[in-house]
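1. Sequence first, predicted coordinates after that:
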Amino acid sequence: MKPKISDWNVIPYAEAWKRQTEWFDALVQAKQAGIGYVNHIVLCEHPHVYTLGRSGKDGNMLLSDEQLHRIGATLYHIDRGGDITYHGQGQLVCYPILNLEDYSLGLKEYVHLLEEAVIGVCASYGITAGRLEKATGVWLEGDTPRARKICAIGVRSSHFVTMHGLALNVNTDLRYFSYIHPCGFIDKGVTSLQKELGNEVSMTEVKERLCEELTNRLS
């Protein structure tokens, strides 16, 4: 079943969380009722926000509420896996809301698919990316002390239906990662397509390439 692609452009995190939760709940209910439903791939960007997953530690946020307000950011405790991460404009966020059984995928295979799609996008720009053992997401030079993360991944799954997803740093202001221990790591770096290539990258182009990589793997 080919997913429907929606572009929410720049949207506050709380609004996007509410909308994708509604779609997620509707898909779960339709699946259980045996009626028709739509699989979705949502693309968007968020104003400055930090999200802390179920297994995250509060200590990985290094700022107080007052300091967060000062830098124009907010913090949400959310229902995905993983620790803390940052979202902001210039970062491409992708929320696939899918019935994994339509694609014969288990959860681990699905996360692997998300990683492979991002690795493919990076390769299309001449950037070699891969995985880091015991660390979900996509990394550059993952097996060296220079390991740096270019894409965070955190998902929620219920009844084999997914929500949340991935965040790929395109033209992201990486300074905002210095206020946290990204994904709980204190000895790893972060990077972006812009930083690696030395120039700003078209967000429209990255969206197209990511959608192509995802839909090809879900077909």
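-> Cool, the structure landed.
2. what are the bridge partners for the residue nearest the centre of the chain, then?
-> The structure's the chain has its C-alpha centroid closest to L166; by C-alpha atoms, centre = their mean the separation is 1.6 Å. Listed beta-bridge partners, L166: C94, I153 (assigned using DSSP bridges).
3. what's near enough to touch it?
-> Applying C-beta atoms under 8 Å, 6 or more residues apart in numbering, we find L166 in contact with V93, C94, L114, V118, C151, A152, I153. In short, each C-beta sits where N, CA and C put it, glycine included.
4. Identify, from those, the entry nearest to T85.
-> Minimum distance to T85 across those is 4.5 Å, recorded for A152 (C-beta to C-beta).
5. is it true that the closest one touches G82?
-> Yes: contact status for A152 versus G82: in contact at 7.3 Å, counting by C-beta atoms under 8 Å.
6. how near is the residue nearest to the centre of the chain to G126?
-> L166 is 21 Å from G126, where distance means C-beta to C-beta, to the nearest Å.
7. same thing with E200?
-> 16 Å.
8. Among A152 and G82, which residue is more densely surrounded?
-> Using other C-beta atoms under 10 Å as the criterion, A152 and G82 rank with A152 on top: 26 against 22.
9. low-scoring stretches of the protein, by residue?
-> Low-confidence regions of the chain, defined by pLDDT under 70, span residues 182-187.
10. Can you name the element that comes right after the longest helix along it?
-> Longest helix in the chain, counting residues (DSSP state H): helix 13-33. The C-terminal neighbour of helix 13-33 among helices and strands, as given by DSSP states H and E, is strand 40-45.
11. And the contacts of that following strand?
-> Here strand 40-45 has contacts from 3-11, 16, 20, 23, 27, 87-98, 203, 207, 210-211, 214-215, using C-beta under 8 Å, 6+ apart.
12. Got a PyMOL select line for the buried ones in the residues you listed?
-> Here is the PyMOL command that selects only those of the contacts of strand 40-45 that count as buried (16 or more other C-beta atoms under 10 Å):
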select buried, resi 3+6+8+11+16+20+23+27+87+88+90+91+92+93+94+95+96+97+98+203+207+210+211+214
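13. So which of the contacts of strand 40-45 sit within helices?
-> Using DSSP H, those in helices are A16, Q20, W23, L27, M203, K207, L210, C211, L214, T215.
14. now those residues in JSON lines, with distance to L132?
-> Shown next, in JSON lines, are these (distance: C-beta to C-beta, whole Å):
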{"residue": "A16", "distance to L132": "27"}
{"residue": "Q20", "distance to L132": "27"}
{"residue": "W23", "distance to L132": "31"}
{"residue": "L27", "distance to L132": "31"}
{"residue": "M203", "distance to L132": "26"}
{"residue": "K207", "distance to L132": "25"}
{"residue": "L210", "distance to L132": "20"}
{"residue": "C211", "distance to L132": "25"}
{"residue": "L214", "distance to L132": "21"}
{"residue": "T215", "distance to L132": "26"}
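15. what's the first-to-last distance across stretch 68-76?
-> 12 Å (C-alpha to C-alpha, to the nearest Å).
16. Can you get me the centre-to-centre distance for that stretch and its chain?
-> In terms of C-alpha atoms, centre = their mean, to the nearest Å, the centre of stretch 68-76 is set 19 Å apart from its chain centre.
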